[in-house]
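J.: Sequence and predicted structure, then a few things I'm wondering about:
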Amino acid sequence: PRYSLLKKKPAVYTIHNLSLQGVRPLRGVASSLESWLPDLPYPHEAIVDPHHSDCVNLMRCGINLADRVHTVSPTYAQEILRPSDWSEGIVGGEGLEQDLQRAEHAGRLTGILNGCEYGHKPRRPKVGGVWELAEQTLDSWITTDQGDARSHYFALKRMVQIKREQDGVRPCLVSIGRLTAQKLYLLVQNYQDRPVMDQLLEQLRNGIFIMLGSGDSYYQQFFSNVMENHKNFVFLNGYSESLSSLLYSFGDLFVMPSIYEPCGISQMLAMRAGVPCLVHQVGGLNDTVIDGQNGFSFGGSSLQEKQFKLLTTLDDSLRLFHEQPEKWKRISQAAASARFTWDGSVQQYLDQLYQASS
């Protein structure tokens, strides 16, 4: 009775990342559903976790009980209708695809792309300014004992070498983000018995690749080891808002080969700065980057094909950078001109979610 009035209020549930589902026990411990809400009756079959019958799945609650279900890109709304197969590099409904299929069949599932702010056009920073801020950031991380000191010291050493031997050499690849399987799985897996990352850096030749990020310890160690073995790779193991802002504008190509991407903001920030992106054709990346027009994208039906297409697409983009500078300039300009505004997204929210639910 306490909650009966809420039945009259239409509910919209937004999925930002289907892999984070909020699974907790139904009863028996302090963090269980029945401990939180002891007097709440609940529809067991609609909310129980598909893998653990004694647990509630909060993501599943939202999907099955809301009047509208919303994902943060149109492509992601379609991808989650299929089952996941990580062995082939396919991430879909993560066990909830049947619930999502029912929502889609009932017309309750909608994908609307997130927006980006376009207050000003970022300017390309000078090379010296980027290296200076990177060095200051690493020094700060070392003195405050943030992250892996060995990795930081090696990054400083690598930057000194690059400034001495390759200062100003292009192209410069940039990657910024969390170090997780979602973002970097395709780079760390082997293709033809060698990590894709090693082959990517060999293709880059005299160019450089700067990666800024922190996260899973396995990925941090992997990229630290890669830096020690490749002179053209700088791994900045941490996060700095000021440094990331410079790097978004500094690169020639932004690398974002996420194995799945509900929406993504990094590609929008890079494009806003006029930097084309190399992306996997999934989720919001597929909805923002158009291959050969405002960036470069690759796909594939298996893990091996995705890795092959990643490397060949990179090779094609590097060749274009060196051999057709005018075409590269047009692609960069198209990236800078692309607009994914919040005004447009909000109007879709009103039309497809809130007014439709009222």
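T.: Looks like it came in fine.

J.: Name the surrounding residues that touch the helix of greatest length in the chain.
T.: Secondary structure assigned by DSSP state H gives helix 303-323 as the longest helix of the chain. Residues outside helix 303-323 that contact it (Cβ atoms under 8 Å, 6 or more residues apart in numbering): 87-89, 170-171, 186, 189, 191, 196, 199-200, 203-204, 207, 252-253, 257, 276, 278, 280, 291, 296-300, 327-328, 331. C-beta: built from backbone N, CA, C; applies to glycine.

J.: From these, which land in helices?
T.: Those of the contacts of helix 303-323 mapping onto helices are 186, 196, 199-200, 203-204, 327-328, 331, per DSSP H.

J.: Give me the distance between the two termini of stretch 228-245.
T.: Using Cα to Cα, to the nearest Å, the end-to-end distance of stretch 228-245 comes to 26 Å.

J.: try stretch 159-175
T.: End-to-end span of stretch 159-175 (Cα to Cα): 16 Å.

J.: buried stuff in that stretch?
T.: Buried residues in stretch 159-175, counted by 16 or more other Cβ atoms under 10 Å: 159, 162, 171-175.

J.: returning to what we had before: among the contacts of helix 303-323, name the buried ones.
T.: Using 16+ other Cβ under 10 Å as the burial test, the contacts of helix 303-323 include 89, 171, 186, 189, 191, 196, 199-200, 204, 207, 252-253, 257, 276, 278, 280, 291, 296-298, 300, 328, 331 as buried.

J.: So the closest residue to residue 300 other than its chain neighbours versus residue 196, what's the distance?
T.: Closest residue to residue 300 apart from its sequence neighbours, by Cβ to Cβ, 6 or more residues apart in numbering: residue 306 at 3.7 Å. Going from residue 306 to residue 196 by Cβ to Cβ, to the nearest Å gives 9 Å.

J.: can you list residues touching both of those two?
T.: residue 186.

J.: tilt between the longest helix of the chain and helix 196-204?
T.: On the basis of axes from the mean of the first three to the mean of the last three Cα atoms, to 10 degrees, helix 303-323 is oriented at 20 degrees to helix 196-204.

J.: which SS class is residue 235?
T.: Following DSSP: H, G, I helix; E, B strand; the rest coil, the label given to residue 235 is strand.

J.: and what of the one 4 residues further on?
T.: In the three-state summary, residue 239 is assigned as coil, counting by three-state DSSP.

J.: what's around the residue nearest to residue 300, how many residues?
T.: 26 (other Cβ atoms under 10 Å).

J.: mind starting the numbering at 248 from now?
T.: Sure, I'll start numbering at 248, so the last one becomes residue 553.

J.: what about it, distance to residue 419?
T.: Using Cβ to Cβ, we find residue 553 at a distance of 24 Å from residue 419.

J.: Could you do residue 515 as well?
T.: Counting by Cβ to Cβ, the gap from residue 515 to residue 419 is 19 Å.

J.: Same check on residue 346?
T.: As defined by Cβ to Cβ, residue 346 lies at a distance of 44 Å from residue 419.

J.: if we can go back for a sec, now go through the buried residues of stretch 406-422 and say which are in strands.
T.: Under the assignment DSSP state E, those contribute 419-422 to strands.

J.: The residue nearest to residue 451 when sequence neighbours are not counted: what's it in contact with?
T.: Take residue 451 and drop its neighbours on the chain: the residue closest to it by Cβ to Cβ, 6+ apart is residue 479, 5.8 Å away. Counting by Cβ under 8 Å, 6+ apart, residue 479 makes contact with 409, 413, 448, 451-456.

J.: list the contacts for residue 536?
T.: By Cβ under 8 Å, 6+ apart, residue 536 lies in contact with 514, 518, 524, 526, 542-544.

J.: correction: residue 443
T.: Residue 443 makes contacts with 433-437, 554, 557-558, as judged by Cβ under 8 Å, 6+ apart.

J.: Please apply the same query to residue 512.
T.: Residue 512 touches 361, 363, counting by Cβ under 8 Å, 6+ apart.

J.: Next one: it from residue 301, what distance?
T.: Residue 512 is 37 Å from residue 301, by Cβ to Cβ.

J.: what's the answer for residue 494, then?
T.: Taken as Cβ to Cβ, the span from residue 494 to residue 301 is 46 Å.

J.: So the two - more neighbours on which side?
T.: Comparing residue 494 with residue 301 by other Cβ under 10 Å, the one with more neighbours is residue 494, at 27 against 11.

J.: so what's the more buried one closest to, chain neighbours aside?
T.: Closest residue in space to residue 494, ignoring its immediate chain neighbours: residue 421 at 5.1 Å, by Cβ to Cβ, 6+ apart.

J.: Please tell me I have it right and the one you found contacts residue 493.
T.: No: Residue 421 is not in contact with residue 493 according to Cβ atoms under 8 Å; the separation is 9.9 Å.

J.: what about residue 314, neighbour count?
T.: Neighbour count of residue 314, defined by other Cβ under 10 Å: 15.

J.: what's the domain layout of the protein?
T.: Domain assignment for the chain by automatic domain parsing gives 255-276+291-362+588-605, 374-585.
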